[in-house]
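S.K.: Can you look at this prediction? I've put the sequence above it.
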Amino acid sequence: MWKITIFLIGTLIVVPILAFNYDSAPTDFQTSIIWSVVTSYIILAGLCFVVSTITHNFSQVDKLWSIAPIVYAWQIAYLAGWEPRLILIAVLISIWGARLTYNFGRRGGYSWRFWEGDEDYRWAVLRAKPEFQAKWKWVLFNLLFISFYQMGLVLIIVFPMIKSINGGALTWVDYLLATLVVFFVGIEFIADQQQYDFQTEKYKRINANEPLEEYADGFVKTGLWSIVRHPNYAAEQSVWITIYFFSVVATGVWANWSIIGAVLLVLLFYGSSNFSEEITANKYPKYKEYQKKVARFIPFLK
């Protein structure tokens, strides 16, 4: 796990450097906005680290994952003078964030005591691993990866907005991209609802000592989940890749420095899905058979 962590943190440093050198550097105005949102990021990441260290609930970043990008998006739109394209992107990010916040909240992620709420089961599994038994190692992991890497990622995924500044009037391509974002958010909603319905019914039957029948395997494999193993993850990556293309429309540059967020998000989801599937396969014997039959993110591409 340490190797994966160091690799991901390294990419957060190396990929932006390569991107900035490949493309023209941000203008002075864009740089000033970058520093403004970076200040917000440092404050939020620092709070996540402090609160999680004190409470031992390490899902503080999870609580902000769907909220922070909305804050950054509207901060950028305001600082850039409310350009139409930036307002459109901010609205789309707000729609994305509202759906994810709702889904996280109904699963017990939030509490009126903001530092409480359900913790992602994967953190407990990770803490139990031998390499994290020394307390200082977990503290360092929480600081570098959970708090600052993850919060850094949800910052740079909105960087296409900054690259889009002074990008001219909206075109039909912008509206096409907006339609695609809403479509992918819809896919996420359906996938999460199917997962929620399955798990709710499964535990209802378990608690009532009723026959599990089609729920006996323990994991959802119908609906969108029969097409790919992670339809919600696939749609999530698609949302942010599509948002990147707003910067392409605005600049005419197919590979510009704001692509760093989409690239790092894809790498994170690949690593995260590996870890999740390792846990699931150990818990449910038939999951390995499911892995052989169904693609991970892209249909027919196993």
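M.R.: Nice, thanks for sending it over.
S.K.: contacts, neighbours, all on C-alpha from now
M.R.: OK.
S.K.: would you list every one of the helices in the stretch 1-150 of the chain?
M.R.: 2-22, 28-55, 60-65, 68-79, 84-106, 121-127, 135-141, 150-156 (DSSP state H, counting those that start in this stretch).
S.K.: Buried residues, stretch 258-270. List them.
M.R.: Neighbour-count burial for stretch 258-270 flags 258, 259, 260, 261, 262, 263, 264, 265, 266, 268, 269 (criterion: 16 or more other Cα atoms under 10 Å).
S.K.: okay, those in a markdown table with pLDDT and distance to residue 63 next?
M.R.: Listed next are these as a markdown table, based on pLDDT from 0 to 100; distance: Cα to Cα, whole Å:
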| residue | pLDDT | distance to residue 63 |
| --- | --- | --- |
| 258 | 92 | 25 |
| 259 | 91 | 25 |
| 260 | 88 | 23 |
| 261 | 91 | 20 |
| 262 | 93 | 21 |
| 263 | 89 | 23 |
| 264 | 88 | 20 |
| 265 | 92 | 18 |
| 266 | 91 | 20 |
| 268 | 86 | 18 |
| 269 | 90 | 18 |
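S.K.: Arrange the residues you listed in JSON lines, one row each, with distance to residue 117 and secondary structure as further columns.
M.R.: Shown next, in JSON lines, are those (distance: Cα to Cα, whole Å; DSSP: H, G, I helix; E, B strand; the rest coil):
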{"residue": "258", "distance to residue 117": "33", "secondary structure": "helix"}
{"residue": "259", "distance to residue 117": "33", "secondary structure": "helix"}
{"residue": "260", "distance to residue 117": "31", "secondary structure": "helix"}
{"residue": "261", "distance to residue 117": "28", "secondary structure": "helix"}
{"residue": "262", "distance to residue 117": "29", "secondary structure": "helix"}
{"residue": "263", "distance to residue 117": "30", "secondary structure": "helix"}
{"residue": "264", "distance to residue 117": "27", "secondary structure": "helix"}
{"residue": "265", "distance to residue 117": "25", "secondary structure": "helix"}
{"residue": "266", "distance to residue 117": "27", "secondary structure": "helix"}
{"residue": "268", "distance to residue 117": "24", "secondary structure": "helix"}
{"residue": "269", "distance to residue 117": "23", "secondary structure": "helix"}
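S.K.: quick revisit: mind giving me TSV with the helices of the stretch 1-150 of the chain and columns for mean pLDDT, distance to residue 194 and mean neighbour count?
M.R.: Formatted as TSV, the helices of the stretch 1-150 of the chain follow (pLDDT from 0 to 100; distance: least, Cα to Cα, whole Å; neighbours: other Cα atoms under 10 Å):
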stretch	mean pLDDT	distance to residue 194	mean neighbour count
helix 2-22	61	31	14
helix 28-55	95	30	16
helix 60-65	92	21	22
helix 68-79	98	25	21
helix 84-106	96	12	19
helix 121-127	80	20	13
helix 135-141	88	33	14
helix 150-156	93	26	22
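S.K.: could the ones you listed be laid out in CSV, adding distance to residue 274?
M.R.: Compiled in CSV, the helices of the stretch 1-150 of the chain are given as follows (distance: least, Cα to Cα, whole Å):
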stretch, distance to residue 274
helix 2-22, 11
helix 28-55, 24
helix 60-65, 19
helix 68-79, 25
helix 84-106, 21
helix 121-127, 12
helix 135-141, 18
helix 150-156, 17
